[in-house]
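K.L.:
kindly generate the corresponding structure for this input.
(one chain, ligands or ions: 3)
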Amino acid sequence: MTATGTRVLVLNSGSSSLKYQLLDMTDAARLAVGLVERIGEETSRLVHTPLAAGGDKREIEGPIADHEAALKAVAAELSADGLGLDSPQLAAIGHRVVHGGLQFTEPTVIDDAVLKEIERLVPVAPLHNPANITGIRTARALRPDLPQVAVFDTAFHTTMPEYAARYALDVATADAHRIRRYGFHGTSHSYVSRKTAALLGKDPSEVNVIVLHLGNGASASAVAGGRCVDTSMGLTPLEGLVMGTRSGDIDPAVTFHLKRVAGMSEDEVDVLLNKKSGLLGLCGDNDMREIRRRIDEGDERAELAFDIYIHRLKKYIGAYSAVLGRVDAVAFTAGVGENAAPVREAAVAGLEEMGMAVDASLNAVRSDEPRLISPEYARVAVAVVPTDEELEIAQQTYALVSA
Ligand SMILES: Nc1ncnc2c1ncn2[C@@H]1O[C@H](COP(=O)(O)OP(=O)(O)O)[C@@H](O)[C@H]1O
Ligand SMILES: CC(=O)OP(=O)(O)O
Ligand SMILES: [Mg+2]
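P.N.:
Numbers count the residues shown, from 1 in each chain. Ligands and ions are numbered 1, 2, ... in the order given. Below is the predicted model of the structure:
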């Protein structure tokens, strides 16, 4: 496939948001960036910045019913800046697709068969794959002639050894239903682990990195010499760390208990664990900024929620240190990891015996650049490494269509 244009539109559809970037791949310049949030609510908001047109940020408020309406609104904003989807300079549209199962280990041009497979995986990514599918269908309807490429969150984790990926479940049952650890946020874990190696002046093959992707969804991964060897999310993006609204690890028997003793239905348990738990369930807020503000005012519920979040994070740092044997770096990324200095400080506090420490003044620096926050004497580099899933998706998409 040979692309005629050099631009790629990247769509990152979340359960209630749509993030997008239009890039020119000749120099990876961002021409437009934006976000639609609170899709499906009365208070939806589109924030669009036409960087190429030198235009100011535009904010449009008002209800946007679903991801189809969101993408059409984005297309209209791009058109207004002369960057519309009808442009002959557009080479492809790259989609973040959260669950690719075992079959998708590489970026893939989307045809009907691929779309069908992504649909088959909806039960194991119920918050994410439906939004991704709507994004693909809408984009295809707008530009049926253009290649659409899926870049999967699960792809980077397919290198995990069998003993890390397989649950200790009856093998026949697990295999019949393809139940195993898939892991997510892989595009970010891959990008950030490579950037961390570069920050240390090393090749990815030379370093062992623990990546902590802390956004609304959150996951940890152990990356040895550039390959993922373990990660905290599992069959679905519910396992592992405490998240904005998801519980992360719990005793699976809690689910039987909720059904048998608390009388909840399957769907109610699903909604409880995915949407009403995590930081939100613990203290009523899922935004780390708000939690820190409440802690500063002496709010004990917010403080306990923070402590539970940090305790889980610490457990994974410990576990992945043992899995890797030698850790060269711990990298914090995504909304919370990049911005919340108190989270980084608390997660590493007390780990001096493991060679990990945070320097308070380095940790307080705000920057969009990858940076070290550990003191010089520390054996393990602790770093803040901003993720860029959109750039990574654009590069993988363009590589595929221009090959
Ligand atoms: N300045 C900040 N301080 C603390 N937390 C922040 C800050 N900015 C953003 N966050 C956190 O980042 C989260 C969103 O992260 P992000 O990576 O954008 O998530 P997602 O991609 O899953 O939507 C917010 O819920 C918020 O808690
Ligand atoms: C997989 C996942 O949890 O993604 P997000 O953080 O975008 O919700
Ligand atoms: Mg994200």
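K.L.:
in the host helix or strand of T173, what's buried?
P.N.:
Here T173 sits within helix 171-176, counting by DSSP states H and E. For helix 171-176, a neighbour-count test (16 or more other Cβ atoms under 10 Å) marks nothing as buried. For glycine as for every other residue, the C-beta is placed from the backbone atoms N, C-alpha and C.
K.L.:
then it to PDB, C-alphas only?
P.N.:
Coordinates of each C-alpha in helix 171-176 appear next as PDB, following Å, rounded to 0.1, in the frame of the first residue of the first chain:
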ATOM      1  CA  VAL A 171      -6.100 -25.100  31.800                       C
ATOM      2  CA  ALA A 172      -8.900 -26.500  29.600                       C
ATOM      3  CA  THR A 173     -11.400 -23.900  30.800                       C
ATOM      4  CA  ALA A 174      -8.900 -21.000  30.500                       C
ATOM      5  CA  ASP A 175      -7.900 -22.100  27.000                       C
ATOM      6  CA  ALA A 176     -11.500 -22.700  25.800                       C
END
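K.L.:
got a list of contacts for it?
P.N.:
By Cβ atoms under 8 Å, 6 or more residues apart in numbering, the residues outside helix 171-176 that reach it are R166, Y167, I179, R180.
K.L.:
poorly predicted segments of the protein, please.
P.N.:
For the chain, applying pLDDT under 70 flags the ranges 1-3.
K.L.:
same thing but at 80, please
P.N.:
1-4, 53 (pLDDT under 80).
K.L.:
what parts of it come near ligand 2?
P.N.:
G14, V98, H128, D153, F184, H185, G215, N216, G217, P237 (Cβ under 6 Å from any ligand atom).
K.L.:
using CSV, please lay out the residues you listed together with secondary structure, distance to ligand 1 and neighbour count.
P.N.:
Shown next, in CSV, are the residues of the chain next to ligand 2 (DSSP: H, G, I helix; E, B strand; the rest coil; distance: Cβ to the nearest ligand atom, whole Å; neighbours: other Cβ atoms under 10 Å):
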residue, secondary structure, distance to ligand 1, neighbour count
G14, coil, 6, 21
V98, coil, 11, 28
H128, coil, 10, 23
D153, coil, 11, 27
F184, coil, 11, 30
H185, coil, 9, 31
G215, coil, 3, 20
N216, coil, 3, 20
G217, coil, 5, 26
P237, coil, 10, 28
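K.L.:
anything in the helix or strand harbouring V271 near ligand 1?
P.N.:
Applying DSSP H and E as the criterion places V271 in helix 266-275. No. Using Cβ under 6 Å from any ligand atom, helix 266-275 never reaches ligand 1; the gap is at least 13.2 Å.
K.L.:
pull the CA atoms of the next helix-or-strand element following that helix into CSV?
P.N.:
Using DSSP H and E, the helix or strand that follows helix 266-275 in sequence is helix 278-283. The C-alpha trace of helix 278-283 is given here as CSV (Å, rounded to 0.1, in the frame of the first residue of the first chain):
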residue,chain,number,x,y,z
GLY,A,278,-11.1,3.0,42.8
LEU,A,279,-10.5,6.5,44.1
LEU,A,280,-14.1,7.5,43.3
GLY,A,281,-15.6,4.7,45.4
LEU,A,282,-13.1,5.3,48.2
CYS,A,283,-13.6,9.1,48.6
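K.L.:
got a list of what the closest residue to T231 other than its chain neighbours touches?
P.N.:
Nearest non-adjacent residue to T231, counting by Cβ to Cβ, 6 or more residues apart in numbering: G183, 3.6 Å away. Shown in contact with G183 (Cβ under 8 Å, 6+ apart): 153-154, 156-157, 160, 189, 219, 221, 228, 231-234.
K.L.:
what's the answer for G248, then?
P.N.:
Applying Cβ under 8 Å, 6+ apart, the residues contacting G248 are A218, S232, L238, E239, G240, L241, V242, G278, R312.
K.L.:
run a quick neighbour tally on the residue nearest to the fifth one when sequence neighbours are not counted.
P.N.:
Taking Cβ to Cβ, 6+ apart as the measure, G240 lies nearest to S232, with 2.9 Å between them; neighbours along the chain are not counted. Residues lying near S232 (other Cβ atoms under 10 Å) number 27.
K.L.:
my guess is S232 meets S219, correct?
P.N.:
Yes. At 4.9 Å, S232 counts as touching S219 under the criterion of Cβ atoms under 8 Å.
K.L.:
overlap in contacts of the two?
P.N.:
Common neighbours of S232 and S219 (criterion: Cβ under 8 Å, 6+ apart): G183, G240, L241.
K.L.:
just list the residues touching A91, thanks.
P.N.:
A3, T4, G5, T6, R7, V8, M25, L146, P147, Y398, V401, S402.
K.L.:
alongside ligand 1, which residues does this protein contribute?
P.N.:
Going by Cβ under 6 Å from any ligand atom, the residues of the chain near ligand 1 are 14, 215-217, 244, 287-289, 334-336, 339-340.
K.L.:
how much space separates the residue in the chain that ligand 2 sits nearest to from L362?
P.N.:
Closest approach between the chain and ligand 2, counting by Cβ to the nearest ligand atom: G217, at 2.3 Å. Distance, G217 to L362, by Cβ to Cβ, to the nearest Å: 27 Å.
K.L.:
likewise for F184?
P.N.:
Where L362 is concerned, F184 sits at a distance of 30 Å (Cβ to Cβ).
K.L.:
taking the contacts of A91 together, which two end up most distant?
P.N.:
Maximum pairwise distance in these, criterion Cβ to Cβ, is 14.4 Å, between M25 and L146.
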